[in-house]
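S.K.: Here is a sequence with its predicted model. Questions after.
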Amino acid sequence: MAESKKAPRFDFTTLGETMLRISVSPGTPLETAAGAALYAAGSESNVAAALASLGYRTAWCSRLPDTPPGRLVANQIRQAGVDMSLVQWSPTGRVGTMYVELASPPTPVRVTYDRAGSCATEMTVDSIPWDELLSTRVLHLTGITPALSPQCLAVAKEAIARAAAAKVPVSFDVNFRAKLWSAKQARDTLLPLLKSVALLFVGESDATEVLGLTGSPEEKLKALTGLTSAKQIVLTIGNEGTLAWDNGNIIRQPAEPTTVIDRLGAGDALAAGVIHGWLDNDFITGLRAGAALAALALRRHGDIVIARRDELKSLMGARSNRPQR
């Protein structure tokens, strides 16, 4: 009698760096600020936190120092419901930091990084708990991790190779960071990785600047299908929303109109919503959920967005901003 396959421990796992975000109030220059708010800020952990709040079993793998800043980061992610058992704790080292100056349009948000040499950049292939990380329904990675250090690049490559061998689908967000590497470096590194993913997220600017695609959003989306094995692709097109590829069908999902309080983390919230639908085998509903969560993230402070399933359902069906009594 054939042995049944063991059910995965998690619905969603991910790995990457989470920084300490030091954020001053809108309109306040950092150099004259008298105070700041502290948030955990990491693309991968943001997605894990949002999905955990929706009831999924999620885990985040990284490396943190056993210091007050490191524990602050861990506490905020843990509070969202994310399993922290895959985090490696170091007695020495530092958390990467990002200083954020919020502003109203047309003034852009200004981000200053101090992340070189952080604990997370010292993750190695041998230090990752692979069996636990791959005991999941989906592994989520981003293009940020390979840019952090040669060791992190090796970890990202190993993660995709091991996931393929274990038949674990990979979700991947290109998430280009110009302050970490050049567009050419990103393109040369990421193109081979994209060939093995199941679900792909790409911003339209990244499709152009990093992947070299031209034409209309529809033309860029179709061109992406030649670069990846992903059956579902989400191309984000700014304030217009998303354009998605679903096994040959093109779907347009408008963005939800909303007041913008804090722009950071909206893309991760969108990814969480899409993955929520994808895990429930309902990609179209996932696109709607992504639009709703992205709008929610824009009108909340901090990078992490928390929404229970009933709240998300209400947001997706909302047609009025009147109080719900």
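M.R.: That came through, no problem. Residues are numbered from 1 along each chain as shown.

S.K.: residues touching Leu270, list them.
M.R.: If a contact means Cβ atoms under 8 Å, 6 or more residues apart in numbering, then Leu270 has Phe201, Val234, Thr236, Thr242, Gly290, Ala291, Leu293, Ala294 as its contacts. (C-beta placed from N, C-alpha, C; glycine too.)

S.K.: Which residue lies closest in space to the first one, excluding its sequence neighbours?
M.R.: What it means is Phe201. Residue nearest to Phe201 in three dimensions, not counting chain neighbours: Asp173, with 4.0 Å by Cβ to Cβ, 6 or more residues apart in numbering.

S.K.: So that neighbour versus Ala120, what's the distance?
M.R.: Between Asp173 and Ala120 the distance is 17 Å, computed by Cβ to Cβ, to the nearest Å.

S.K.: now swap in Ala272 and tell me
M.R.: Noted for Ala272: a distance of 21 Å to Ala120, by Cβ to Cβ.

S.K.: What are the boundaries of the helices in the stretch 201-325 of the chain?
M.R.: 204-209, 217-224, 266-279, 283-298, 309-317 (DSSP state H, counting those that start in this stretch).

S.K.: hang on, the earlier thing: these two touch, right, the residue nearest to Phe201 and Leu190?
M.R.: No: shown here, Asp173 and Leu190 do not form a contact pair, counting by Cβ atoms under 8 Å, at 10.7 Å.

S.K.: which residues do those two both contact?
M.R.: Taking Cβ under 8 Å, 6+ apart as the criterion, Asp173 and Leu190 both touch Gly143.

S.K.: Of the two, give the one with the bigger neighbour count.
M.R.: More neighbours surround Asp173 than the other of Asp173 and Leu190, with 26 against 22 (other Cβ atoms under 10 Å).

S.K.: And the contacts of Leu270, which of them are buried?
M.R.: Under a neighbour-count criterion of 16 or more other Cβ atoms under 10 Å, the subset of these counted as buried comprises Phe201, Val234, Thr236, Thr242, Gly290, Ala291, Leu293, Ala294.

S.K.: would CSV of the residues you listed with pLDDT and distance to Ala147 be doable?
M.R.: CSV is the format used below for the buried ones among the contacts of Leu270 (pLDDT from 0 to 100; distance: Cβ to Cβ, whole Å):
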residue, pLDDT, distance to Ala147
Phe201, 98, 16
Val234, 98, 21
Thr236, 98, 19
Thr242, 97, 24
Gly290, 98, 24
Ala291, 97, 28
Leu293, 98, 25
Ala294, 97, 24
